[in-house]
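[1] give me the fold of what follows.
(one chain, ligands or ions: 1)
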Amino acid sequence: MCGIVGYLGKRQATPILLDSLSKLEYRGYDSAGVAVIEDGKIRVTKKVGYLNQLKQALKDDQAVGVTGIGHTRWATHGAPNEVNAHPHLDCTGRIAVVHNGIIENYLALRERLIECGHTFKSDTDTEVLAHLFEENYAGDLKQAVSNGLKEVEGSFAIAVISLDDQDTIIAARKDSPLIAGIGKGESFLASDIPAVLEYTRDILVIEDNELVVLNGSGVELSSLIDGSTIKREPIVVKWDVRSAEKSGYEDFMLKEIFEQPHAIRETMMGRSYQGRLVLDEIKLSDKDIKAIDKVFVVACGTSYHAGLVAKYAIESWTRIPVEIDIASEFRYRDPILDDKTLMISVSQSGETADTLAGMRHAKEQNAIVMAITNVVGSTLSREADGVLYTHAGPEIGVAATKTMVAQMMALYLLALYLAQVRKSISLEGCRRILRELRGLDVMVQEILDDEVELGLIQQYADKHFDKSDFLFIGRGVGYPVALEGALKLKEISYIHAEGYAAGELKHGPIALVEPRVPVVAVACEGHVYEKVLSNIHEVKARGANVCAVASKGDKDIGKYADEVLYVPRTSEILSAVPAVVPLQLMSYYIAKKRGCNVDQPRNLAKSVTVE
Ligand code: AGP
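    Presented below is the predicted three-dimensional model:
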């Protein structure tokens, strides 16, 4: 997730671009850059690191010009360095582009453009856009952009300037956000509303597959599909900047819960082609993959729970034995690894000290190390043999939500890829699972759009926010979901909550069960569903209030549980994704009811870089 901005008007562009970018840093902060038209050329300044680096570089040396674009980057393709920072230019230096999104087919486009004589400077997917527009330019920038985008697959929100159309900015979007701000004799572009609120509250929302032209006469909207003009009234936004950064949500955590369908799509994007997975980025040869005879998954906290889900997927789809370890324990138990072991290190930040130490220990034992991380250029990503990035965008809330769901998606993809290469499941079987994976974003969206369901969760929170102990239980992949539900509740509401394998209750924990201890049971459809039902009986018999997370269409669960939160039905191993969402919301609403700071809970940090 990156932030793009644009300005066209009568004031100097650079200060406005920098100020607008500062309101978008929550979208990414690997690098930043601006391109301004000055004296007949496009002047580009870009710096790696936080926006301040760019501001320092421009302090006494700003371009003089009234048309410009800018970008703050969250790297997805290409390390976070100056060359890969946006804006990117075409060969002639007459076109500059900034982009938020993922160009799925950028490699094919890059190869074709190089064959046509274009020279590339960066490793990014974005740079292909500048050369595509150069190739299509025949005197009309709007037409060049529209034609160029017809070849693009993936997600984009872009802004383009050109020396040949100096009083124009062209922008367009598909699957990435973009808005235009309408001022008096000036116009603004941005990925999100906070960037322009200081200058105008008249906002034109740009929808998918739309192209917008900013020029001296204002803002013109048209369809990317057929070029037809679109008439849309601007809205007047009343938010303050802070709430605008949260897109109107009360907290980043809630915003990030609602960003999960997008995080799923972005993490899936560009990783399959004609029903087969394409994961060249992990740099594991088929020979390496076929030689693997053991897998370790090592992580902390929520990432550990995502890793637990991966254990079920990898063992079920590949029949390779998987050991899963909490990173702070792993290296001290003298684990047995060798060059036929695949170690999967899962870390949203890519900087967790215990996880890094575990990975380094595995490398010393000649294991192959794969990183699953959300941060391009993080220590984990740089030291691992291969990386499969989650594309969830920056997660501001300390409690992991969208990054966990993105981790599960990446881990499912990795497990399926291992199975595809080892042929441990048929091609049709792989295709079936891939189709189900592609449907998970819609399932999560269905939960988030279900006002009745959200109301039930809020009612549950109102009823139990003052309890001092909770039990979360589940079986199969429902077990890591239960662990995650308990962790979420603990870390943002400060209520004591334990997650248990439902079958384990009778070995001790059931002594805790009494009416004042709510039990949350993850009971989605699967081969252990009946067993979970009997565990619900066990706790009900001891007076517990039971809230079950169950599959839509389940006609039985309502006879046993006091409350039921239904989620869309999917295959058992993938059910962890929809099942975790109601538990995220449950912990959020309970914590809010208790007046807790959900984005910055006490005692916690977003990344635990100490052992
Ligand atoms: C999860 O909500 C917590 N913030 C915490 O458990 C976190 O998952 C853990 O510290 C691991 O962080 P990482 O994914 O960045 O390695």
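[2] which residue is the nearest non-sequential neighbour of residue 81?
    Nearest non-adjacent residue to residue 81, counting by Cβ to Cβ, 6 or more residues apart in numbering: residue 48, 5.3 Å away. For glycine as for every other residue, the C-beta is placed from the backbone atoms N, C-alpha and C.
[3] ok, that neighbour - contacts?
    30-31, 80-82, 85 (Cβ atoms under 8 Å, 6 or more residues apart in numbering).
[4] contact residues of the stretch 501-611 of the chain facing the ligand?
    Proximity of the stretch 501-611 of the chain to the ligand (Cβ under 6 Å from any ligand atom) is limited to residues 607-608.
[5] now do stretch 502-510: distance from first to last residue.
    10 Å (Cα to Cα, to the nearest Å).
[6] ok, back up a step: which two among the contacts of residue 48 are spaced furthest apart?
    Based on Cβ to Cβ, the longest span within these runs between 30 and 82 and measures 10.7 Å.
[7] who's more crowded, those two?
    Shown here are residue 30 and residue 82; by other Cβ atoms under 10 Å, residue 30 has more neighbours (23 against 13).
[8] do you know how far that one is from residue 572?
    Going from residue 30 to residue 572 by Cβ to Cβ, to the nearest Å gives 38 Å.
[9] and what of residue 279?
    Using Cβ to Cβ, residue 279 is found at 24 Å from residue 572.
[10] not counting its neighbours along the chain, what's nearest the residue in the chain that the ligand sits nearest to?
    Going by Cβ to the nearest ligand atom, the ligand is nearest to residue 301 of the chain, at 1.9 Å. In space, and not counting its chain neighbours, residue 301 is closest to residue 487: 6.6 Å by Cβ to Cβ, 6+ apart.
[11] list the contacts for that neighbour?
    Residue 487 is in contact with 301-302, 305, 497, 499, counting by Cβ under 8 Å, 6+ apart.
[12] of the residues you listed - the most surrounded one?
    residue 305 (30 neighbours).
[13] quick check, residue 456 in a strand?
    No - under DSSP: H, G, I helix; E, B strand; the rest coil, residue 456 falls outside any strand and is assigned helix.
[14] my guess is it contacts residue 563, does it?
    Yes - in this structure, residue 456 is within contact of residue 563 by Cβ atoms under 8 Å, at 6.7 Å.
[15] low pLDDT regions in the chain?
    243 (pLDDT under 70).
[16] near the ligand, anything from the longest helix anywhere in it?
    Under DSSP state H, the helix in the chain containing the largest number of residues is helix 402-422. No - shown here: helix 402-422 not in contact with the ligand (Cβ under 6 Å from any ligand atom), separated by at least 6.9 Å.
[17] pull the CA atoms of that helix into CSV?
    Extracted C-alpha coordinates of helix 402-422, given in CSV (Å, rounded to 0.1, in the frame of the first residue of the first chain):
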residue,chain,number,x,y,z
LYS,A,402,-5.2,-8.0,8.2
THR,A,403,-1.5,-9.2,8.3
MET,A,404,-2.6,-12.5,10.0
VAL,A,405,-5.1,-13.2,7.3
ALA,A,406,-2.6,-12.2,4.7
GLN,A,407,0.0,-14.6,6.3
MET,A,408,-2.5,-17.4,6.2
MET,A,409,-3.1,-16.7,2.5
ALA,A,410,0.6,-16.7,1.8
LEU,A,411,1.1,-19.9,3.7
TYR,A,412,-1.7,-21.6,1.9
LEU,A,413,-0.1,-20.5,-1.4
LEU,A,414,3.3,-21.9,-0.3
ALA,A,415,1.8,-25.2,0.9
LEU,A,416,-0.2,-25.5,-2.3
TYR,A,417,2.9,-24.7,-4.4
LEU,A,418,4.9,-27.4,-2.6
ALA,A,419,2.0,-29.9,-3.4
GLN,A,420,1.9,-28.7,-7.0
VAL,A,421,5.6,-29.3,-7.5
ARG,A,422,5.7,-32.6,-5.6
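[18] mind exporting the helix or strand that it is followed by as PDB, just the C-alpha atoms?
    Downstream of helix 402-422, the first helix or strand assigned by DSSP states H and E is helix 427-438. Extracted as PDB, the C-alpha positions of helix 427-438 are listed here (Å, rounded to 0.1, in the frame of the first residue of the first chain):
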ATOM      1  CA  LEU A 427      -3.600 -30.700 -10.800                       C
ATOM      2  CA  GLU A 428      -7.400 -30.600 -10.600                       C
ATOM      3  CA  GLY A 429      -7.100 -30.800  -6.800                       C
ATOM      4  CA  CYS A 430      -4.700 -27.800  -6.800                       C
ATOM      5  CA  ARG A 431      -7.100 -25.900  -9.100                       C
ATOM      6  CA  ARG A 432     -10.000 -26.600  -6.800                       C
ATOM      7  CA  ILE A 433      -8.100 -25.300  -3.800                       C
ATOM      8  CA  LEU A 434      -6.900 -22.300  -5.700                       C
ATOM      9  CA  ARG A 435     -10.500 -21.500  -6.700                       C
ATOM     10  CA  GLU A 436     -11.500 -21.600  -3.100                       C
ATOM     11  CA  LEU A 437      -8.600 -19.400  -2.000                       C
ATOM     12  CA  ARG A 438      -9.700 -16.900  -4.600                       C
END
